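[1] I'd like to go over a predicted model; first the sequence, then the structure.
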Amino acid sequence: MLDRKFILQNLPAVKQNCLDRGVSCELDRLVELEQQRKAADTEAQEFNRQANEVAKSIGAVKDPEQRAAVVEQGRSLRSHKDAAQRKVDELEVEIIAIQRTIPNMAHPAAPRGADDLANCEVARGKHAPRTFDFPVKDHLQLGSEKGWIDFEGGARTTGQGFYFLAGELVLLDLAIQQMAIEYLMQRGFIPTITPDLARADILEGIGFMPRGPETQVYSVEQTDLCLIGTAEITLGGLYAGQTLEAESLPLRLCGISHCYRTEAGAAGRASRGLYRVHQFTKVEMFVFCLPEQSDALHEELRDIECELFDLLEIPYRVVDTATGDLGGPAYRKYDLEAWMPGRGQQGEWGEVTSTSNCTDYQSRRLNVRYKEKDVKGTHFVHTLNGTAFALSRALIAVLENHQQADGSVQIPAALQPYLRRTKIG
RNA sequence: GGAGAGAUGGCAGAGUGGUCUAUUGCACCGGCUUGCUAAGCCGGAGUGGGGUUUUCCUCACCGCAGGUUCGAAUCCUGUUCUCUCCGCCA
């Protein structure tokens, strides 16, 4: 959510940003409603001030008749105030509804464009795509041959899009998680395991829309809880309503959680096997920081993602996401796309991580502030998030890139200490 | 899951419907006084919104959310967290 004053003072820039992002917002309506709200608010405040004055004076009035008259006056002022306040509240609801639809401003260097076609490749990983001297299998073939991935079993217990991981692939999954956590701890991240559910208002604060027909979010009946689609939600919500000390920033957290996505409207999209599933495990990074730190930290998160995939010896490219593809909260976003030899006809790039600088967009909604010692006032922190590993897609990349002619999979050196094997299968 | 007790400013801690502003102490900041130190005296100090424009004014905030009342830290309802006890469980 953008600051309301900022919107009013920078209306042309905000409008242009909506155009860049392909979002239509009722900005003129917001301006008009805000004017009305301010007028009603001033009125309500004035009635309230008078009513307070009268109420304070009543204690001193001893004569019963006079007292009754003053009480009546107070009652009347209070009801005028209530009427004006109701108007304020109604307008406020309408304004907030519009305000929440306005996307974050975009980084000046973010590519302008309507969709992912405008995304801009900015870097490549250390490792180039392999040339295979045998027929390449995709992860599903490898997985079903070795009994590692069972979608039929997942469908029987749970439904389409769910799966069991089995056998040595479980060890690979856990090894990747451990490697990531160990690496992140050395980089100053506090490791956590977060709840897999969160309240709907936290999801909304992070920028998800938990209700509605298009929602990507599973809700739990008869509660206000939702299954999280990423630990960004729980990590970002961790300090909702809190004021952090400036010296404690930047605060780097990482968290393991399960992630649940309905993938509404995704049916039919190219998404074989583990690529698009309803549940997966993720190691997520999240940072709370001072405004002047967020650009540099965004580069840091991107570097970490690159290094982690370099450690897995997987080819990837880094993409600077175009304005039309940023979503609501991001100011700038980088995606890593790993080479997946089994995807499409002769291999394709597939998104494996994403890191966003959300500036103060989430912290304003969640009310996460910071305070500097000996300085009056508080400000909103900046928040950033980034994927260390989405295990489902990381597994695709490892299996397909490191497969051998016999269907076994070579384990990259960096994972071997955690897996205690040089290959699986 | 059940019963009880509690939550007040950076900290401690008073405040059971109105008396000028949430008492007081510690810590903090400024000033004054004192031959050092210690102490003393005076004053200031939180967060958020609105107005005014450099000086203030005003409103809201006593875990959170509602309610009663002309008026709520105080009364009522719900809720969260903490502590004690009981039950259950991994």
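    Happy to help now that I have it.

[2] give me the residue from the stretch 151-300 of chain A nearest RNA strand B.
    Among the residues of the stretch 151-300 of chain A, A:Thr243 lies nearest to RNA strand B; the distance is 7.3 Å by Cβ to the nearest atom of the strand. Bear in mind the C-beta positions are built from the backbone N, C-alpha and C, glycine included.

[3] hang on, that residue packs against A:Gly377?
    No: using Cβ atoms under 8 Å, A:Thr243 is not in contact with A:Gly377; the gap is 10.6 Å.

[4] pretty sure A:Glu204 is in a strand, no?
    No: counting by DSSP: H, G, I helix; E, B strand; the rest coil, A:Glu204 falls outside a strand, being helix.

[5] dump the residue contacts of it.
    A:100, A:210, A:365 (Cβ atoms under 8 Å, 6 or more residues apart in numbering).

[6] So the second one, which state does it fall into?
    I take that to be A:Pro210. Secondary structure for A:Pro210, judged by three-state DSSP, is coil.

[7] Next, it: phi, psi?
    phi -70, psi -20 (degrees, to the nearest 10).

[8] quick one: pLDDT of it?
    pLDDT recorded at A:Pro210 is 79.

[9] correct me, but it touches A:Leu203?
    Yes: the pair A:Pro210 and A:Leu203 qualifies as a contact (Cβ under 8 Å) at a distance of 4.5 Å.

[10] who touches both of those two?
    Joint contacts of A:Pro210 and A:Leu203 (Cβ under 8 Å, 6+ apart) are A:217, A:226.

[11] Out of those two, name the residue with the larger neighbour count.
    A:Leu203 (26 against 22; other Cβ atoms under 10 Å).

[12] residues contacting that one?
    Per Cβ under 8 Å, 6+ apart, neighbours of A:Leu203: A:209-210, A:217, A:226, A:228, A:233.

[13] what comes into contact with stretch A:102-118?
    A:1-2, A:7, A:13-14, A:17-18, A:20-23, A:25, A:27, A:119-120, A:320-333, A:357-359, A:361.

[14] pLDDT (mean, whole number) over that stretch?
    Here the average pLDDT along stretch A:102-118 is 90.

[15] which parts of that stretch are buried?
    By 16 or more other Cβ atoms under 10 Å, the buried positions in stretch A:102-118 come out as A:102-107, A:110-111, A:113, A:118.

[16] Check which helices and strands the strand or helix carrying A:Leu253 sits against.
    For A:Leu253, the host element (DSSP states H and E) is strand A:251-260. For strand A:251-260, the elements it packs on are helix A:168-186, strand A:190-193, helix A:231-237, strand A:279-289, judged by 3 or more Cβ pairs under 8 Å, 6 or more residues apart in numbering; DSSP states H and E.

[17] so what strands line up beside whatever helix or strand comes next after the third one?
    Scanning forward in sequence from helix A:231-237 by DSSP H and E, the next helix or strand is strand A:243-245. Looking at strand A:243-245 with DSSP bridges, its paired strands and their directions are strand A:369-371 (parallel).

[18] Most widely separated two among the contacts of A:Leu203?
    Greatest spatial distance in these: A:Met209 and A:Ile228, 13.7 Å, computed using Cβ to Cβ.

[19] Which one's more surrounded, the two?
    Set A:Met209 next to A:Ile228 and count neighbours by other Cβ under 10 Å: A:Ile228 wins out with 29 against 14.

[20] and the next element down the chain from the lengthiest helix in chain A?
    Ranked by number of residues, the top helix in chain A under DSSP state H is helix A:64-99. The element immediately downstream of helix A:64-99 (helix or strand, assigned by DSSP H and E) is strand A:120-124.

[21] name the helices or strands packed onto the helix or strand just after that next one?
    Later in the chain than strand A:120-124, the nearest helix or strand by DSSP H and E is helix A:139-145. Under the contact criterion of 3+ Cβ pairs under 8 Å, 6+ apart, helix A:139-145 touches strand A:149-150, helix A:391-401.

[22] Repeat the analysis, applying 6 Å as the threshold.
    On a contact count with 3 or more Cβ pairs under 6 Å, 6 or more residues apart in numbering; DSSP states H and E, helix A:139-145 meets helix A:391-401.

[23] Export the helix it packs on to PDB, keeping only CA atoms.
    The C-alpha trace of helix A:391-401 is given here as PDB (Å, rounded to 0.1, in the frame of the first residue of the first chain):
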ATOM      1  CA  LEU A 391      12.200 -27.800  -3.200                       C
ATOM      2  CA  SER A 392       9.900 -29.100  -5.900                       C
ATOM      3  CA  ARG A 393      11.600 -27.000  -8.600                       C
ATOM      4  CA  ALA A 394      15.100 -27.400  -7.200                       C
ATOM      5  CA  LEU A 395      14.600 -31.200  -7.400                       C
ATOM      6  CA  ILE A 396      13.500 -30.900 -11.000                       C
ATOM      7  CA  ALA A 397      16.700 -29.000 -11.800                       C
ATOM      8  CA  VAL A 398      19.000 -31.400  -9.900                       C
ATOM      9  CA  LEU A 399      17.500 -34.600 -11.300                       C
ATOM     10  CA  GLU A 400      17.400 -33.400 -14.900                       C
ATOM     11  CA  ASN A 401      20.800 -31.700 -15.000                       C
END
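
[24] Please report how far A:Arg393 lies from RNA strand B.
    29 Å (Cβ to the nearest atom of the strand, to the nearest Å).

[25] residues near that residue, how many?
    24.

[26] Verify the stated contact: it with A:Glu351.
    No: between A:Arg393 and A:Glu351 there is no contact, the gap being 7.4 Å when judged by Cβ atoms under 6 Å.

[27] Contact partners for A:Gly407?
    Contact analysis of A:Gly407 by Cβ atoms under 6 Å, 6 or more residues apart in numbering lists A:142, A:145, A:425.

[28] Drop anything exposed from these.
    In terms of neighbour count (16+ other Cβ under 10 Å), the buried residues within those are A:142, A:425.

[29] could you dump the contacts of A:Gly407 to CSV with distance to RNA strand B and pLDDT?
    Output for the contacts of A:Gly407, formatted as CSV (distance: Cβ to the nearest atom of the strand, whole Å; pLDDT from 0 to 100):
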residue, distance to RNA strand B, pLDDT
A:Leu142, 35, 94
A:Glu145, 36, 93
A:Gly425, 34, 89
